[in-house]
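1. After the sequence you'll find the predicted model.
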Amino acid sequence: EAGVVQSPRYKIIEKKQPVAFWCNPISGHNTLYWYLQNLGQGPELLIRYENEEAVDDSQLPKDRFSAERLKGVDSTLKIQPAELGDSAVYLCASSLGAVTGELFFGEGSRLTVL
Amino acid sequence: DQQVKQNSPSLSVQEGRISILNCDYTNSMFDYFLWYKKYPAEGPTFLISISSIKDKNEDGRFTVFLNKSAKHLSLHIVPSQPGDSAVYFCAASDVQGAQKLVFGQGTRLTINP
């Protein structure tokens, strides 16, 4: 069974440029998460989807970040414009349901903003 | 405000000995706790969990202990193996499951041969 797939693995951009990350969760997983991981820190939740509905986006900086999960499967996280402080690893995870507790993470997308 | 704290950034243990990783939390509403393991350039993988109605949960070489009064949990790995070398994250939630996991900063465990 394929795991959570993310792309790109690495992205280097200049500040003020836009960037987008894509995530394909494990088949059948209704719950999808985007996490931010800064260097030396643990993952921090940005947004959680139940199917196509964003049920928790309280931690998403909505002035520059946006996310979508149009058909309840793949998801895209966008940053526009990127700032230097956005350099981090963006992790996507999925689970059968939010109550299971076990998240399956992708390998992450490492963003460097110059 | 760090609600989940792993105060040891790194830990080095001899192969075959016991590894003990510690985690403290401040939010008394947390009642579900998990440990994740992360290798370089990979995403974290689930290791073991415990709910607040228990004080111990065991899975093979891995045991998690929960002390609710001290708001402290620990992960014991016995015996430690070289493949256990990784970063370990403690995570907590105030509801059963993963609705809003709060992660600690991680502890890098190195198992020496």
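-> Arrived safely, thanks for sending. Residues are numbered from 1 along each chain as shown, chains lettered A, B, ... in the order given.
2. Is residue 109 bridged to anything, and to what?
-> Since no chain was named, I'll use chain A. residue A:90 (DSSP bridges).
3. look at chain B instead
-> residue B:11, residue B:86.
4. what's around it, how many residues?
-> Per other C-beta atoms under 10 Å in any protein chain shown, the neighbour tally for residue B:109 reads 22. Quick note: C-beta positions are derived from backbone N, CA and C, even for glycine.
5. repeat for residue A:49
-> Neighbours of residue A:49 using other C-beta under 10 Å come to 23.
6. and it, what is it in contact with?
-> A:31-33, A:55, A:67, A:69, A:72, A:75 (C-beta atoms under 8 Å, 6 or more residues apart in numbering or on different chains).
7. Out of these, name the ones that lie in helices.
-> Judged by DSSP state H, helices contain none of these.
8. Please tabulate these in JSON lines, including the columns neighbour count.
-> Shown next, in JSON lines, are the contacts of residue A:49 (neighbours: other C-beta atoms under 10 Å in any protein chain shown):
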{"residue": "A:31", "neighbour count": "22"}
{"residue": "A:32", "neighbour count": "28"}
{"residue": "A:33", "neighbour count": "28"}
{"residue": "A:55", "neighbour count": "12"}
{"residue": "A:67", "neighbour count": "20"}
{"residue": "A:69", "neighbour count": "21"}
{"residue": "A:72", "neighbour count": "14"}
{"residue": "A:75", "neighbour count": "25"}
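9. residues of the helix or strand of chain A with the lowest mean pLDDT that come out buried?
-> Least confident helix or strand, chain A: strand A:53-56 with a mean of 91, by mean pLDDT, DSSP states H and E. By neighbour count on 16 or more other C-beta atoms under 10 Å in any protein chain shown, the buried set for strand A:53-56 is A:54, A:56.
10. filter the contacts of residue A:49 down to the ones close to chain B.
-> A:31, A:33 (C-beta under 8 Å from any C-beta of the partner chain).
11. Would you check the contacts of residue A:49 and say which has the weakest pLDDT?
-> Within the set of the contacts of residue A:49, pLDDT is lowest for residue A:72 (84).
12. burial measure for residue A:10, as a count.
-> Neighbour tally, residue A:10, other C-beta under 10 Å: 11.
13. tell me which parts of chain A are close to chain B?
-> A:4, A:31, A:33, A:40-45, A:48, A:56, A:91, A:93, A:95, A:97-108.
14. Show the buried residues in the residues you listed.
-> Buried among these (16+ other C-beta under 10 Å): A:4, A:31, A:33, A:41-43, A:45, A:48, A:56, A:91, A:93, A:95, A:98, A:101, A:103-108.
15. Run through the chain and note the low-pLDDT ranges.
-> Because you didn't say which chain, this covers chain A. For chain A, residues meeting the criterion pLDDT under 70 lie at A:1, A:98-101.
16. Not quite, go with chain B.
-> B:95-99.
17. Any residues of it in contact with chain A? List them.
-> Checking chain B against chain A by C-beta under 8 Å from any C-beta, the hits are B:4, B:9, B:32, B:34, B:36, B:41-46, B:49, B:89, B:91, B:93, B:95-101, B:103-106.
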